[in-house]
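> need the 3D shape of this:
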Amino acid sequence: QNHYQEYHLQLDWQTAIGTLTYIPSYTSFNSFNLGLLNFANYAGREEAYQPYNRATSHELRLASKDDGKLTWQVGAFWFSNQYQYRYRNLGPVNANNINNGTLTYTGFAFGGTGTNSSGTQQFYDFGSQALFGQATYKLTDATRLTAGLRFTRDRVDQRYLGLHAAINPALPITIAIPPL
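Got it, this is the predicted structure:
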């Protein structure tokens, strides 16, 4: 089951000195995938994959009017992206585990019953902020001189959690699966 949203907008305001532009955007993706393994020692085991991604950006810039020899623009940009991925080995498939669209397993929170229970979670957080400016001077009708500066600060944070266990503390786990 996948959910995707994307929104973009551009707003322009004419001012006495030029055009002020604001461009926001938002994107998100969520998914829940349930699969059945049918190979080697994992035959008959179910796995769940759950990626999640959210990105947001904002740009604000002021550009001069294009009515003279000198034109310019200055602005700021901000971007943030959070990505999360979860994988769980839910354990052996059992028809008794299915009850009105809900799967119930007995086992560790990350895994299923018996051996080879496992799960991972990955978290990524990306970000970028920037300030920029540019000026263009018209030397002749066919020749221009352009100079620009940009300051950017980027960051990337990553966390990873993995578990592989062969324990069975008999704790019930319930995963609700929405109807199709």
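> what pairs with the host helix or strand of Gln5, parallel or antiparallel?
Using DSSP states H and E, Gln5 falls within strand 2-8. Paired strands of strand 2-8, with direction, are strand 18-31 (antiparallel) (DSSP bridges).
> could you give me the buried positions within the partner strand?
The neighbour-count check on strand 18-31 (16 or more other Cβ atoms under 10 Å) flags 18, 21, 23 as buried. In this view, the C-beta of every residue, glycine as well, is placed from N, C-alpha and C.
> dump the strand holding Gln5 to CSV, restricted to CA.
Only the C-alpha atoms of strand 2-8 are listed here, as CSV (Å, rounded to 0.1, in the frame of the first residue of the first chain):
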residue,chain,number,x,y,z
ASN,A,2,1.5,3.3,-1.1
HIS,A,3,0.7,6.9,-0.4
TYR,A,4,2.3,9.7,-2.3
GLN,A,5,1.8,13.5,-2.0
GLU,A,6,3.5,16.3,-3.8
TYR,A,7,2.8,20.0,-3.6
HIS,A,8,4.5,23.0,-5.3
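> what's in contact with it?
The contact list for strand 2-8 (Cβ atoms under 8 Å, 6 or more residues apart in numbering) reads 23-31.
> circling back to that earlier point, from the buried residues of strand 18-31, which is closest to Asp157?
Ile23 (25.3 Å; Cβ to Cβ).
> could I get the contacting residues of the residue nearest to that closest one when sequence neighbours are not counted?
Excluding its sequence neighbours, the residue lying closest to Ile23 (Cβ to Cβ, 6 or more residues apart in numbering) is Glu59, at 4.4 Å. Glu59 sits next to 21-24, 75-78 when contact means Cβ under 8 Å, 6+ apart.
> any idea how far Thr146 is from His58?
Distance of His58 to Thr146, given as Cβ to Cβ, to the nearest Å: 25 Å.
> of the two, who's got more company?
His58 (15 against 9; other Cβ atoms under 10 Å).
> is it true that the more buried one touches Tyr26?
No - His58 is beyond contact range of Tyr26, at 9.9 Å (criterion: Cβ atoms under 8 Å).
> okay, and the common contacts of those two?
Joint contacts of His58 and Tyr26 (Cβ under 8 Å, 6+ apart) do not exist.
> who are the contact partners of Gln73?
Residues near Gln73 by Cβ under 8 Å, 6+ apart: 18, 61-64, 133-134.
> which pLDDT value goes with it?
Gln73 is assigned 97 on the pLDDT scale.
> I'd assumed it was in a strand, is it?
Yes - according to DSSP: H, G, I helix; E, B strand; the rest coil, the state of Gln73 is that of a strand.
> ok, the closest residue in space to it that isn't next to it in sequence to Gly148 distance?
Leaving aside its sequence neighbours, Gln73 sits nearest to Ala63 (Cβ to Cβ, 6+ apart; 4.0 Å). Distance, Ala63 to Gly148, by Cβ to Cβ: 13 Å.
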